[in-house]
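>>> just coords:
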């Protein structure tokens, strides 16, 4: 259970706090790694930049990816993830407040596994987090781990 | 008695033979002779009778019969002679002789009478002569006959020729008596031209060919020109069917056989007259047209380019009066520079070679001022193709030029504002996008942390504190809804409409099904009319029905049962669709504000809502070119009507 890592890519501190809180409240007691922007997310996953030489042994069970990110935006992160062998199969859930049809289309087109809209109502947000956690960490079978 | 007896018997007498002493030779001589004579005598009458019978037409045939009788009688005397040789019946012989004597005498007398007549009979020679004469005469007669026949034939053919000439004249011709005016003869053309048959014609006088009102003039004319020949006049004639034609009549005097007749040839000039009239009219019209046109200078030039005609329009545009400009060269109208370049002559040349010269350029008025003109020069040729001159039409288009320039400016303006609009639309899109992200995020924070406070610090907060936080949360949620609705409204304005034939009934049914599924806590009767169709964007129409039916649902929520109807009725310009509910209704005094954004007539506690829904609906309907309005009364429910024009309106693309 403790193996399971969730990578949360979110630039908004409030949202980050709330999401973490939501995940914890639902006793999805896993490690939540937070990346503040797209570049950080990529560095973490590929073991580059500040994480040089520090590639994760275990890929995250799921990446919760916000779209509007500084430095490298969400869709670009997704694109790069899908472009690399290492992260091609990584489950990515786009978690964003945007309901723009275009975002949805591009997200799926680029290979996102899921698209969830952040509800404004926090109760609903909690519920969404719970369901996400349950599904992706417990129910869903992740791709086989690759020990590079 | 005794005579007869003695006749029969006369024994006392001696037969003649005794006289001859019964000389055998002598007796035989007499016997033979008399027998021969008798035979001969008897044969003659037989011949005669035969002859007469054969030629019954013989003149004096009775004479021949007489002769026959006489000869028979003679013969019989000779027979008696022979008889008397042996029988002395001399009395018998004597009687026979007497009879013969009578016959002879009568014959002689008759013959005597006949002689002159017989003499009168021409002799064979004479007859022959006569015959010959006759033959000659006959021959001569025959020749004369032949000549006559050929002369007749010649006459006949000449007559026929005359006749056919007469008939062949393509103009109606008739011959009429000068005194009685009766028509004596007509030709085919007259029959065809006037409708009378030949017989009818020949029963008419020339008066009958005139309309009645013209007859006095005719009679006077006749009186005044008794012997004039070859005169021509224009008259009106009346055909059999009563129609009147104009004719040109030439008449001539006919001298023939002391008859006073005239010949009249009538040429139907009705058509010609009509054409002349039409030509006159069209001439007149042309003059009026050219003269009256004020907008265009229409003038004619001769081959060298000198002005030959001028119209009012030319005077108005160029400033010259007709008398001052006719005869002048048209290069006067050009600017000095153009004239120096030889433009006028070039243009004439161009016109005559290409058939037309057209351009827009500067021209000069009498007072020296310039104006922008549209000029067309066309060459004028006569029937043989010879150049006779030119026609020039000039129009002062300075005004038009101004308008054109203005239009151009306006167009550029329009383009610019279009570009601006497109740019502003793009901005709007970006704005909406950022709204959907950036405006929401803080809301989430506010709501989330308020909840966190409520949960984590439950003990530390009093009821008042909790209440505050709850209100904060409610407000943020409300704001979220508002943002969503506003986004919808802006999207509705922005997106391209895809017009197609949509079944409103289908959409209506889908929406009502959704409503029932989501909140089926009370009994609501939905009535969606079948067959509602319109030309619209299906997605946008769905939003309309979601809003209208959703509203109907919402505002009937306070009742246990509700009835919501979506149907159409016939309006002035087409179908009018409506959504009717029997819910809370609203005071129609406020109907004007109904579709304004954020306008609410009810408390959010009673009926939730942002007030943007109807504004969105109105925007959609307007984009389709339709109208929306509502009727209601408090407590009596509400009906929302809208129209969707049949023809495609708005900035949509027909798909």
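Looks like it came in fine. Values in this document were obtained by computation on a predicted structure and should not be read as measured data.
>>> where does residue B:246 fall, secondary structure wise?
Element membership for residue B:246 (DSSP states H and E) is strand B:244-256.
>>> which strands border the following helix or strand past that strand, and is each parallel or antiparallel?
As assigned by DSSP H and E, the chain's next helix or strand after strand B:244-256 is strand B:259-268. Partner strands for strand B:259-268, per DSSP bridges, with pairing direction: strand B:173-177 (antiparallel), strand B:244-256 (antiparallel).
>>> got the residues of chain A near chain B?
Contacts of chain A with chain B, taken as CB under 8 Å from any CB of the partner chain, map to A:12, A:14-15, A:17-18, A:21, A:67-68, A:96-100, A:118-123, A:125-126. Yep, even glycine has a C-beta here, placed from its N, CA and C like the rest.
>>> wait, isn't residue B:554 in contact with residue B:609?
Yes. Using CB atoms under 8 Å, residue B:554 is in contact with residue B:609, at 6.8 Å.
>>> nearest residue to residue 60 other than its sequence neighbours?
In the absence of a named chain, this looks at chain A. residue A:7 (4.0 Å; CB to CB, 6 or more residues apart in numbering or on different chains).
>>> if you could check chain B rather than the one you did, that'd help
Nearest residue to residue B:60 in three dimensions, chain neighbours excluded: residue B:114, at 6.3 Å (CB to CB, 6+ apart).
>>> also residue B:264?
Nearest non-adjacent residue to residue B:264 (CB to CB, 6+ apart): residue B:251, at 4.5 Å.
>>> so that neighbour bridges to which residues?
Those that pair with residue B:251 in a beta bridge, by DSSP bridges, are residue B:231, residue B:264.
>>> pull up the gap between it and residue B:262, please.
5 Å (CB to CB, to the nearest Å).
>>> can you name every helix or strand that whichever strand or helix holds residue B:428 contacts?
Assigned by DSSP H and E, residue B:428 belongs to helix B:398-434. Here helix B:398-434 touches strand B:370-381, helix B:463-494, going by 3 or more CB pairs under 8 Å, 6 or more residues apart in numbering or on different chains; DSSP states H and E.
>>> quick one, grab the pLDDT at the closest residue to chain A within the stretch 251-400 of chain B.
Per CB to the nearest CB, residue B:400 is where the stretch 251-400 of chain B lies closest to chain A, at 49.3 Å. Reported pLDDT at residue B:400 in the predicted model: 84.
>>> equivalent analysis for residue B:357, please.
Reading off the model, residue B:357 has pLDDT 90.
>>> so it is in contact with residue B:343, correct?
No. In this structure residue B:357 lies outside contact range of residue B:343 using CB under 8 Å: 10.5 Å.
>>> neighbour count: the two, which is higher?
The residue with more neighbours, out of residue B:357 and residue B:343 and counting by other CB atoms under 10 Å in any protein chain shown, is residue B:357; that gives 20 against 16.
>>> skipping adjacent residues, who's closest to that one in space?
That would be residue B:351: by CB to CB, 6+ apart, it lies 3.9 Å from residue B:357.
>>> which helix or strand contains the one you found?
helix B:343-354.
>>> that helix: which residues count as buried?
Neighbour-count burial for helix B:343-354 flags B:343-344, B:347-348, B:350-352 (criterion: 16 or more other CB atoms under 10 Å in any protein chain shown).
>>> and what of stretch B:571-578?
Buried residues in stretch B:571-578 (16+ other CB under 10 Å): B:575-578.
>>> repeat for stretch B:576-596
Of all the residues in stretch B:576-596, those buried under the rule 16+ other CB under 10 Å are B:576-586, B:594-595.
>>> how many neighbours does residue A:46 have?
Residue A:46 has 17 neighbouring residues, counting by other CB under 10 Å.
>>> quick check: the gap between it and residue A:131.
With the distance defined as CB to CB, residue A:46 ends up 30 Å from residue A:131.
>>> just to revisit the earlier point, can I assume the residue nearest to residue A:60 sits in a helix?
No. Residue A:7: not assigned to a helix; according to DSSP: H, G, I helix; E, B strand; the rest coil it is strand.
>>> against residue A:32, how distant is it?
8 Å.
>>> in the sheet, who's paired with residue B:182?
On the basis of DSSP bridges, residue B:182 is bridged to residue B:205.
>>> now do the helices in the stretch 501-650 of chain B.
B:504-518, B:538-555, B:613-623 (DSSP state H, counting those that start in this stretch).
>>> sweet, I'm off.
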